[in-house]
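Visitor: structure, please.
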Amino acid sequence: MEKTCDILVIGGGGSGLTAGCRAAALGKKVIVLEKDRKTLGGGMNMASTMRTFGSRWQKERELPDTTMLYLRNRMDETYWRIDRKLAAGVIRGTGKFFDFFEDLAPEKAADFDVGRYVFDDPADGPLGPQSGGHGPDAKKGSGRIFVETFSEKIPEMGGEILLDAVTEKLLTENGRIVGAVATVAGETVEIRCKAVILSCGAWIRNPEIVKKYYPLLSDAQPYMGESPHMNRNYTGDGLYLAEAAGALMDEENRTIRMMGPMTMCRSRVMSDMAATRYSIYINALGNRYICEGSQMRLGVFDSGSVQLEQPEGKVFVVFDDNTLARAIADGDDQPQPEVPMPNMAGHFPATLEEAHKEMEPALEKQDGVCFRADTVEELADKIGVDPQALRETVDAYNKNCAEGMDWDCFKPSDWLAPLNKAPYYAVKAGLGTDGAFGGIQVDEHMRVKAAAGGVIGGLYATGDICSGRFINMTGIKKQILNDMSFALSSGFIAGTAAAEYAE
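Guide: Next up, the predicted model:
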């Protein structure tokens with residue numbers, strides 16, 4: 001089978017649908033190939049908040065413009081290693097994207113509320129359009145609104161979205177991209193076009209690439225749960241397609257962003273003990289490995305990178321009735337994060353008896369997440385840690401508490417409370433990720449750079465597979481723009497540029 005179009009978009013997630021819808025709105029015939037049996041992608045489907053700069057929506061509401069301050073701060077944090085034209089382009093693109101969305105679906109844009117990106121510092125994070133939240137009255141998340149809108153609009157504007165479509169190779173003539181060959185629902189289809197936009201998502205589910213760039217994650221991945229950021233379709237297809245077409249690939253800054261320790265269990269009390277002053281964090285060897293409350297100081301991402309360095313990424317939060325009682329006594333005086341994060345320390349019940357009652361259903365479930373024992377050694381057996389090692393760790397910690405100085409992990413003296421009153425508890429703290437990023441070098445127009453110099457005619461890339469908006473600092477991702485905002489901005493930019501190229 002053969003098909004023709006102006007713009008071929010490979011990938012039906014957030015950035016691909018944005019690119020396709022933008023090109024279609026500019027009058028181009030668009031085909032979107034999605035390897036899954038539905039569009040929506042992975043993380044975009046769950047995302048709510050974003051960063052927007054300079055949109056008409058913000059100006060009409062007379063919201064403060066923090067664009068220059070934000071850009072200076074992010075460029076400082078990335079040591080000015082980010083290309084300034086790309087940085088300016090993707091930041092400005094966020095506002096242009098929302099203007100486009102407002103023109104396309106004004107009734108939906110009008111329903112957005114003023115708010116900030118979930119991890120933003122009020123000092124420079126922009127107030128802008130947001131949708132989503134938690135609770136029964138929460139609105140649909142921004143990400144889902146966008147992908148659902150674009151999935152509807154592309155066919156309305158004469159485009160096609162082909163599902164169960166795996167792209168096998170790109171077609172080139174005289175150094176320019178002129179199409180692709182794909183398998184669609186088991187049938188080989190050759191699609192001729194004027195430009196291709198690669199929006200294929202991350203490479204977190206490609207064992208070969210993960211092992212090459214993040215061998216520690218390769219060891220830990222079997223123990224990690226499923227999540228939208230671990231989408232089974234994130235196999236790095238776009239990297240292979242781009243490299244075969246002669247793209248300039250980025251080997252230095254490919255990165256995976258970790259999250260942890262994540263204590264999401266059936267008991268709110270047990271989950272919240274991870275954010276108190278008094279619990280201890282141990283690894284699979286039974287040893288403490290960091291000053292507790294790391295999510296509050298470092299943020300859940302950088303703290304997760306430390307967790308990744310533990311054997312198999314396994315971590316447990318350990319506490320007892322004494323430390324639980326101390327957390328309850330603190331009431332609302334719980335540690336607050338030094339970096340912006342969505343989950344603050346929780347509110348504990350008024351009494352130890354109430355806390356026991358709240359924890360009981362989770363402990364009775366025996367699902368391998370929440371544990372209770374009468375002795376430290378018994379607790380160690382239940383969580384699969386050497387009993388002697390955990391006993392020595394607890395004894396050393398209690399000695400530090402008695403002396404008022406934590407010479408092991410340097411916890412503040414007023415955070416020290418011994419673990420000396422049964423029952424003893426442990427919560428398995430999960431290791432998560434919000435994706436794998438980078439690989440394809442692009443310019444400020446999202447044109448794919450060529451290994452031989454210049455750019456590859458007719459080839460664009462968007463979203464997670466693009467390098468350029470972040471640097472990899474010893475495994476830590478330092479970025480100028482968050483993933484969702486970049487996906488939307490880069491998709492808008494690529495759709496605009498590809499449509500102009502196709503003229």
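
Visitor: would you map the helices across the stretch 1-150 of the chain?
Guide: For the stretch 1-150 of the chain, the helices defined by DSSP state H, counting those that start in this stretch occupy 14-25, 56-60, 67-77, 84-104, 106-109, 142-156.

Visitor: tell me what the longest strand anywhere in the chain is packed against?
Guide: The single longest strand within the chain, with elements called by DSSP state E, is strand 424-437. For strand 424-437, the elements it packs on are strand 255-262, helix 268-272, helix 300-308, strand 315-320, strand 370-373, helix 376-383, helix 483-501, judged by 3 or more Cβ pairs under 8 Å, 6 or more residues apart in numbering; DSSP states H and E. Backbone N, C-alpha and C define where each C-beta goes, glycine included.

Visitor: deepest-packed of these, please.
Guide: Burial of the helices and strands packed on strand 424-437 is given as mean neighbour count (mean count of other Cβ atoms under 10 Å); helix 483-501 ranks first at a mean of 27.

Visitor: from the chain's centroid, how far away is that one?
Guide: 19 Å (Cα atoms, centre = their mean, to the nearest Å).

Visitor: likewise stretch 312-326?
Guide: In terms of Cα atoms, centre = their mean, the gap separating the centre of stretch 312-326 from the centre of its chain is 26 Å.

Visitor: report the central residue of this protein.
Guide: Centroid-nearest residue in the chain, with Cα atoms, centre = their mean: residue 434, separated by 2.7 Å.

Visitor: apart from its neighbours in sequence, what residue is nearest it?
Guide: Excluding the flanking residues, the one nearest residue 434 by Cβ to Cβ, 6 or more residues apart in numbering is residue 229, at 4.8 Å.

Visitor: what's near enough to touch that neighbour?
Guide: For residue 229, the contact set (Cβ atoms under 8 Å, 6 or more residues apart in numbering) comprises 42, 43, 202, 204, 432, 433, 434, 435.

Visitor: hmm, back to that, so which of the helices and strands packed on strand 424-437 comes closest to residue 47?
Guide: Among the helices and strands packed on strand 424-437, the nearest to residue 47 by Cβ to Cβ is helix 483-501 (4.4 Å).

Visitor: mean confidence score for the closest one?
Guide: Averaged across helix 483-501, pLDDT comes to 98.

Visitor: make sure the residue nearest to residue 434 is indeed in a helix.
Guide: Yes - under DSSP: H, G, I helix; E, B strand; the rest coil, residue 229 sits within a helix.

Visitor: return the residues in contact with residue 23.
Guide: Contacts of residue 23 (Cβ under 8 Å, 6+ apart): 6, 7, 9, 30, 197, 495, 496, 498, 499, 502.

Visitor: how about residue 113?
Guide: Taking Cβ under 8 Å, 6+ apart, we find residue 113 in contact with 129, 130, 131, 139.

Visitor: just those residues: which has the poorest pLDDT?
Guide: residue 139 (77).

Visitor: tell me the contacts of that one?
Guide: 111, 113, 131, 132, 133.

Visitor: that one and residue 113: what is the separation?
Guide: Noted for residue 139: a distance of 8 Å to residue 113, by Cβ to Cβ, to the nearest Å.

Visitor: so who does the closest residue to residue 93 other than its chain neighbours touch?
Guide: Excluding the flanking residues, the one nearest residue 93 by Cβ to Cβ, 6+ apart is residue 489, at 3.5 Å. By Cβ under 8 Å, 6+ apart, the contact list for residue 489 reads 90, 91, 93, 94, 96, 97, 481.

Visitor: mind checking what secondary structure residue 188 has?
Guide: Under three-state DSSP, the three-state class of residue 188 is strand.

Visitor: test my guess that it contacts residue 1.
Guide: Yes - counting by Cβ atoms under 8 Å, residue 1 is a contact partner of residue 188 at 7.1 Å.

Visitor: for the spatially closest residue to residue 85 that is not a sequence neighbour, phi and psi?
Guide: Nearest residue to residue 85, sequence neighbours excluded (Cβ to Cβ, 6+ apart): residue 444, at 4.3 Å. Phi and psi for residue 444, reported as degrees, to the nearest 10, are phi -70, psi -10.

Visitor: next: the one 3 residues further on.
Guide: With angles defined as degrees, to the nearest 10, residue 447 shows backbone torsions of phi -80, psi 140.

Visitor: how many other residues sit next to it?
Guide: Neighbours of residue 447 under the rule other Cβ atoms under 10 Å: 23.

Visitor: which residues touch it?
Guide: Residue 447 sits next to 455, 456, 459, 460, 497 when contact means Cβ under 8 Å, 6+ apart.

Visitor: mind listing what the closest residue to residue 63 other than its chain neighbours touches?
Guide: Distances taken as Cβ to Cβ, 6+ apart put residue 127 closest to residue 63, at 4.5 Å, once the chain neighbours are dropped. Residues counted as contacts of residue 127 (Cβ under 8 Å, 6+ apart) are 58, 63, 64, 114, 115, 116.

Visitor: check those and tell me the two furthest apart.
Guide: 64 and 115 (13.6 Å).

Visitor: the two: which is more packed in?
Guide: residue 115 (19 against 9).

Visitor: just checking, the more buried one touches residue 125?
Guide: No - look at residue 115 against residue 125 with Cβ under 8 Å: they stay out of range, at 10.0 Å.

Visitor: for the residue nearest to residue 305 when sequence neighbours are not counted, list each beta-bridge partner.
Guide: Residue nearest to residue 305 in three dimensions, not counting chain neighbours: residue 258, with 4.9 Å by Cβ to Cβ, 6+ apart. Residue 258 forms beta bridges with residue 433, as assigned by DSSP bridges.

Visitor: now do residue 258 against residue 349, distance only.
Guide: The value you get for residue 258 to residue 349, if Cβ to Cβ is used, is 32 Å.

Visitor: do the same with residue 456
Guide: Distance of residue 456 to residue 349, given as Cβ to Cβ: 61 Å.

Visitor: compare neighbour counts for those two and give me the winner.
Guide: Using other Cβ under 10 Å, the more surrounded residue of residue 456 and residue 349 is residue 456, with 24 against 16.

Visitor: need the pLDDT of that one.
Guide: Confidence at residue 456, expressed as pLDDT, is 98.

Visitor: which stretches of the chain have low pLDDT?
Guide: Scanning the chain with the threshold set as pLDDT under 70 gives 43, 133-138, 335-346.

Visitor: domain ranges for it?
Guide: The chain breaks down into these domains under automatic domain parsing: 2-201+236-254+438-501, 257-433.
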